[in-house]
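Chemist: Sequence and predicted structure, then a few things I'm wondering about:
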Protein chains: 2
Amino acid sequence: MKKIINKPENFVDETIEGILYAYGDKVKILNGDNRILLNNQPVADGKVGIVTGGGSGHLPVFLGYVGDGMLDGCAIGNVFASPSANKMTDMIKACNHGAGVLCLYGNYGGDNMNFDMACENADFEDIKTATVRVKDDIASNDDPEKRRGVAGMVYAFKIAGAAAKKMMSLEEVVRVTEKALANIRTMGVALSPCILPEVGNPTFFINDDEMEIGMGIHGEPGIDVKKMMSADEIAELIFKKFETELSFNKGDEVSVMVNGLGATPMEEQLIVYRKLHLLLQERGVTSFMPHIGEFATSMEMAGLSITVFKLDEELKELLRYPAMTPFYTNHNK
Amino acid sequence: MKKIINKPENFVDETIEGILYAYGDKVKILNGDNRILLNNQPVADGKVGIVTGGGSGHLPVFLGYVGDGMLDGCAIGNVFASPSANKMTDMIKACNHGAGVLCLYGNYGGDNMNFDMACENADFEDIKTATVRVKDDIASNDDPEKRRGVAGMVYAFKIAGAAAKKMMSLEEVVRVTEKALANIRTMGVALSPCILPEVGNPTFFINDDEMEIGMGIHGEPGIDVKKMMSADEIAELIFKKFETELSFNKGDEVSVMVNGLGATPMEEQLIVYRKLHLLLQERGVTSFMPHIGEFATSMEMAGLSITVFKLDEELKELLRYPAMTPFYTNHNK
């Protein structure tokens, strides 16, 4: 296991300490509990709180998006493990500014169960909550309700965060976040596994000339194992899969995310973006605010995911709205 | 070779096409020549031009820093290969706004020779130029004049770019950039090699339990091969090496860059930053605007480099100054 770490059992705590040392002007922890990260910038009374949570090992997801204009709080578990319901409850309480709290997170069993319990706990204390689960990974299930949440959640954080910052009500924030997610789809390919620090073994095995199509960010099996394809072929395969669920017509505007899973160079991400841009162009579709880089990783996994986000005027305005977090800044207005 | 590319010989061109499609509002190419990238935002008459150049395969170095507040132009070669003197000449001419042009680049044989020729060519056309070579890699040679330029060049781009944007003269831009570089040192460790797209073989071999201390970003041999060390040990080893050349005293302010070489997760970069923060704290030194992420890579190489940049008031102001490029944005003012 070739990792630049100290004791594997300290991996998460030391990562969070690094974040606090580096970005203490933007984020803080709740009452000395370094598994609950909160926005450290001023928040208006009556702003809806936006919170998330999930396992570690996916930076910048989730911690990196806590900050002004995106998330108010994030509860984090061990690597690839859900945080507890109690931590989520504490976070929800800390992020309620009088207008309720939206729990916005990926559709995974542990997170679903714990967030549901946390929302019940919050209800006992008369804190209004709402839940939106991200299910953007089209390779994970044919049934849209059973899909996992992957990189598309970053767009959801951005939209919900901007809506809350603009002082929309909880109901309105839910409405616009659900509208965004109805227009978001993601699919990825994995070329090599990652290694959990406390386990020390690769999460899966793959041959030197093969790739996993549609693999999840925890190494969940994909829909197919194929011989390595070219960048253009990968872009086209995934885009055509999107077209079975979303229409892309002349005059449409779409934001595309090419997300490196950890070990894939920026050059390769840009080569894939190039093809997606051409595919959109062929259809008369405009690319708006592309996101190219590492947004949701699996530590040192090689591969990438592609997300499309079909926009309307309201969604465009929220996507453009300013945000300032340790790993995401946007100053268009 | 597991890369998400098309034909290896199109690697550089398609990367640049991706950049142009994604960031055409910020950057453009010169007269259809996609090996010369220029700032596409308005530039004041009389601003000193800041240009660089070098081989591909190091994104965001160099192309990613072309834009408002940093570089006016970048000439790019094939992977790990210098661009030609003619391209550099064309770029210098395009980036002269009447106040001369600073050529600011890493100290490598091919780049030195070609930029020297380009400056002579510019001189024939009465364009004033100056040259500052970045030599921040302390592991590359005991003689500071013979050292290579690595991630520290990003700080140099930032300082020179801000100085030019503030309408300093060419002489003043050179003075402040040289002052910055006298206070910048870098050293790295490599854990695994990268593969040149057109070659198809790893750049070097290393055992599964070993690391290269001080390896260059093109796979140049380092100063030692050692068994894998912990994050804290690596941070301490490198920081102590810096202390043989720079003093860190109570009240000093330092910007630290932890730069992932390509495949190293953000979590590991933060764990290394954590230790550096503690080492500075022990000495009463304040960490100012840390830079943690991928700033100068070698495609899919695993490992990281650490850069320290000792600041004074003038350098702090220039580091904080706004910049807006495809891969570097800063809005502190």
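Modeler: Thanks, I have it. Numbering: from 1, shown residues only, chains lettered A, B, ... in the order given.

Chemist: Buried ones in stretch A:269-281, by neighbour count?
Modeler: For stretch A:269-281, burial by neighbour count (16 or more other Cβ atoms under 10 Å in any protein chain shown) applies to A:Gln269, A:Leu270, A:Ile271, A:Val272, A:Tyr273, A:Arg274, A:Lys275, A:Leu276, A:His277, A:Leu279, A:Leu280. Any C-beta I mention is one placed from the backbone N, CA and C, and that applies to glycine too.

Chemist: How about stretch A:101-109?
Modeler: Neighbour-count burial for stretch A:101-109 [16+ other Cβ under 10 Å]: A:Val101, A:Leu102, A:Cys103, A:Leu104, A:Tyr105, A:Gly106, A:Asn107, A:Tyr108.

Chemist: And for stretch A:324-333?
Modeler: A:Met324, A:Thr325, A:Pro326, A:Phe327, A:Tyr328, A:Thr329, A:Asn330.

Chemist: on that earlier part again, of the buried residues of stretch A:101-109, which is the nearest to chain B?
Modeler: In terms of Cβ to the nearest Cβ, no member of these lies closer to chain B than A:Gly106, at 18.3 Å.

Chemist: Please report the distance of that closest one from A:Gly55.
Modeler: 9 Å (Cβ to Cβ, to the nearest Å).

Chemist: swap in A:Tyr321?
Modeler: On the measure of Cβ to Cβ, A:Tyr321 and A:Gly55 end up 28 Å apart.

Chemist: between those two, which one's more packed in?
Modeler: A:Gly55 (22 against 19; other Cβ atoms under 10 Å in any protein chain shown).

Chemist: Do a quick rundown of the strands in the stretch 151-300 of chain A.
Modeler: A:184-192, A:210-213, A:224-227, A:253-260, A:286-287, A:291-293 (DSSP state E, counting those that start in this stretch).

Chemist: can you redo the ones you listed as JSON lines with mean neighbour count and mean pLDDT?
Modeler: Listed next are the strands of the stretch 151-300 of chain A as JSON lines, based on neighbours: other Cβ atoms under 10 Å in any protein chain shown; pLDDT from 0 to 100:
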{"stretch": "strand A:184-192", "mean neighbour count": "27", "mean pLDDT": "97"}
{"stretch": "strand A:210-213", "mean neighbour count": "20", "mean pLDDT": "95"}
{"stretch": "strand A:224-227", "mean neighbour count": "13", "mean pLDDT": "94"}
{"stretch": "strand A:253-260", "mean neighbour count": "24", "mean pLDDT": "98"}
{"stretch": "strand A:286-287", "mean neighbour count": "16", "mean pLDDT": "98"}
{"stretch": "strand A:291-293", "mean neighbour count": "21", "mean pLDDT": "97"}
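
Chemist: Go through the ones you listed and name the closest to A:Met301.
Modeler: Nearest of the strands of the stretch 151-300 of chain A to A:Met301, taken as Cβ to Cβ: strand A:184-192 at 6.0 Å.

Chemist: That closest one and chain B, are they touching?
Modeler: Yes: using Cβ under 8 Å from any Cβ of the partner chain, strand A:184-192 reaches chain B at A:Val189, A:Leu191, A:Ser192.

Chemist: re earlier: give me the subset of the buried residues of stretch A:324-333 lying in strands.
Modeler: A:Met324, A:Thr325, A:Tyr328, A:Thr329, A:Asn330 (DSSP state E).

Chemist: Grab the nearest non-local neighbour of the second one.
Modeler: Take A:Thr325 and drop its neighbours on the chain: the residue closest to it by Cβ to Cβ, 6 or more residues apart in numbering or on different chains is A:Gly67, 3.0 Å away.

Chemist: which among the buried residues of stretch A:269-281 are in contact with chain B?
Modeler: Answer for these near chain B (Cβ under 8 Å from any Cβ): A:Gln269, A:Leu270, A:Ile271, A:Val272, A:Tyr273, A:Arg274, A:His277.

Chemist: any chance of those in a markdown table, with pLDDT too?
Modeler: Formatted as a markdown table, these follow (pLDDT from 0 to 100):
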| residue | pLDDT |
| --- | --- |
| A:Gln269 | 98 |
| A:Leu270 | 98 |
| A:Ile271 | 98 |
| A:Val272 | 98 |
| A:Tyr273 | 98 |
| A:Arg274 | 98 |
| A:His277 | 98 |
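
Chemist: List just the nearest of those residues to chain B.
Modeler: A:Leu270 (3.1 Å).

Chemist: circling back: so of the ones next to chain B among the buried residues of stretch A:269-281, which ones are in helices?
Modeler: A:Gln269, A:Leu270, A:Ile271, A:Val272, A:Tyr273, A:Arg274, A:His277 (DSSP state H).

Chemist: Pull the distance from stretch A:82-99 to the chain's centre.
Modeler: Offset of stretch A:82-99 from its chain centre (Cα atoms, centre = their mean, to the nearest Å): 19 Å.

Chemist: what's the answer for stretch A:250-264, then?
Modeler: How far stretch A:250-264 lies from its chain's middle: 13 Å, per Cα atoms, centre = their mean.

Chemist: Likewise for stretch A:167-174?
Modeler: Worked out by Cα atoms, centre = their mean, stretch A:167-174 lies 20 Å from the chain centre.

Chemist: pLDDT of it, averaged?
Modeler: Stretch A:167-174 comes out with an average pLDDT of 98.

Chemist: Tell me the buried residues in that stretch?
Modeler: Residues A:Met168, A:Leu170, A:Val173, A:Val174 are the ones in stretch A:167-174 that count as buried (16+ other Cβ under 10 Å).

Chemist: just stretch A:190-204 next, same as before
Modeler: Buried-residue list, stretch A:190-204, by 16+ other Cβ under 10 Å: A:Ala190, A:Leu191, A:Ser192, A:Pro193, A:Cys194, A:Ile195, A:Leu196, A:Pro197, A:Pro202, A:Thr203, A:Phe204.

Chemist: next one: stretch A:16-36
Modeler: Result for stretch A:16-36 [16+ other Cβ under 10 Å]: buried residues A:16-23, A:26-30, A:34-36.

Chemist: residues making contact with that stretch?
Modeler: Taking contacts as Cβ atoms under 8 Å, 6 or more residues apart in numbering or on different chains, the residues outside stretch A:16-36 that touch it are A:12-13, A:37-41, A:63-64, A:66-68, A:73-77, A:83, A:87, A:90-91, A:94, A:324-326, B:269-274, B:277, B:287, B:290, B:292.

Chemist: Residues of the stretch 1-150 of chain A that sit close to chain B?
Modeler: So the stretch 1-150 of chain A meets chain B at A:2-6, A:11, A:14-15, A:17-19, A:21-22, A:56-57, A:59-60, A:64 (Cβ under 8 Å from any Cβ).

Chemist: A:Lys275 and A:Ser230, how far apart?
Modeler: Counting by Cβ to Cβ, the gap from A:Lys275 to A:Ser230 is 9 Å.

Chemist: Next: A:Leu102.
Modeler: 41 Å.

Chemist: and if you look at A:Val285?
Modeler: 22 Å.
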